[in-house]
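**Q** Sequence plus predicted model, see below.
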Amino acid sequence: MRLARWWGAAAALTVLVGLAACAADKSGSGAPIDVPQLWVDRIDQALREPDVSDFERQVLSDYQVTDAEYKESEDRFVQCMANRGWAVTFDEGGGFGIAPLGGATLSPGATNADRDACDAATGEGTIGLVYREMRTNPSGASANELIIACFRANGLPDGQGVTPDQFGKMMMEPGYCPSSPAAKLCIMDPLGLHANEGWAGAAERWMIQDGCWPPTATATATP
């Protein structure tokens, strides 16, 4: 079983308003002034969760996750799962494999319950996400800003003449179609983190499924 947790992929379809790097007032937060507002808001939200673990709070309280803290969160998760009869192996992208220890056969329901319990106890999911996302998007650009930058870098017409916030609203409109599978891929993976994982083919398949590709005489791509 292989699992991966991403803020980035979900955020690519979310309108993020007013989260430009270092643009907002941090006076109500204990975050250092050089931490982009996007990450201040995300970490503040995580720290407000009622079930935040003590270790999670300790790690996130300074608004950064060090290599050592990231590794410790994984080690804690691995040990927690081992205590419940599971062997966990992490990969570089943040996904992990789960297998029963000693060749035992356990149900998928038990796997999910134990995974969720260990994630809540160790905070590994949140800590890992913050660690990876702050390194792939250190400027704290919003999802919409990243998508439009991807359009520009690839010479695509999408998003021209609109602000990132306006484009985010356009993406949420019923019937919105990107201009091409390449534009859809920018929406799915604006930083190109999954370039070698078959996402280009998935982008085209989703365009076809949504009735956006191939283009027809009556179809018009939204800017």
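**A** Right, received. Where do you want to start?
**Q** which is the next helix or strand following whatever helix or strand residue 169 lives in?
**A** In this assignment (DSSP states H and E), residue 169 forms part of helix 164-171. Reading on from helix 164-171 to the C-terminus, the next helix or strand found by DSSP H and E is helix 181-188.
**Q** before we move on, the earlier item: and the helix holding residue 169, what's buried?
**A** Of the residues in helix 164-171, those buried under the neighbour-count criterion (16 or more other CB atoms under 10 Å) are 164, 167-168, 170-171. Where C-beta positions appear, they are placed from N, C-alpha and C, glycine not excepted.
**Q** What is it packed up against?
**A** Based on contacts counted as 3 or more CB pairs under 8 Å, 6 or more residues apart in numbering; DSSP states H and E, the elements that helix 164-171 packs against are helix 143-153.
**Q** Flag every buried residue along the helix it packs on.
**A** Under the neighbour-count criterion of 16+ other CB under 10 Å, helix 143-153 has 143-151 buried.
**Q** quick one: which of those residues is nearest residue 206?
**A** Within the buried residues of helix 143-153, the smallest distance to residue 206 is 15.2 Å, found for residue 147 (CB to CB).
**Q** is it fair to say residue 130 lies in a helix?
**A** Yes. Remark: residue 130 belongs to a helix, assigned using DSSP: H, G, I helix; E, B strand; the rest coil.
**Q** what about the closest residue to it other than its chain neighbours, neighbour count?
**A** Leaving aside its chain neighbours, residue 130 sits nearest to residue 65 (5.2 Å; criterion: CB to CB, 6 or more residues apart in numbering). The burial count assigned to residue 65 is 22, neighbours taken as other CB atoms under 10 Å.
**Q** Over to residue 70?
**A** Residues lying near residue 70 (other CB under 10 Å) number 19.
**Q** what's near enough to touch it?
**A** Contacts here follow CB atoms under 8 Å, 6 or more residues apart in numbering; on that basis residue 70 touches 127-128, 131.
**Q** follow-up on the earlier one: as JSON lines, the buried residues of helix 143-153 with distance to residue 182 and pLDDT would be great.
**A** Formatted as JSON lines, those follow (distance: CB to CB, whole Å; pLDDT from 0 to 100):
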{"residue": "143", "distance to residue 182": "18", "pLDDT": "91"}
{"residue": "144", "distance to residue 182": "18", "pLDDT": "95"}
{"residue": "145", "distance to residue 182": "18", "pLDDT": "95"}
{"residue": "146", "distance to residue 182": "15", "pLDDT": "95"}
{"residue": "147", "distance to residue 182": "12", "pLDDT": "96"}
{"residue": "148", "distance to residue 182": "14", "pLDDT": "96"}
{"residue": "149", "distance to residue 182": "14", "pLDDT": "95"}
{"residue": "150", "distance to residue 182": "9", "pLDDT": "96"}
{"residue": "151", "distance to residue 182": "9", "pLDDT": "96"}
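**Q** show me where the chain has helices.
**A** Secondary structure of the chain (DSSP state H): helices at 8-11, 37-48, 54-60, 67-83, 108-122, 124-136, 143-153, 164-171, 181-188, 199-209.
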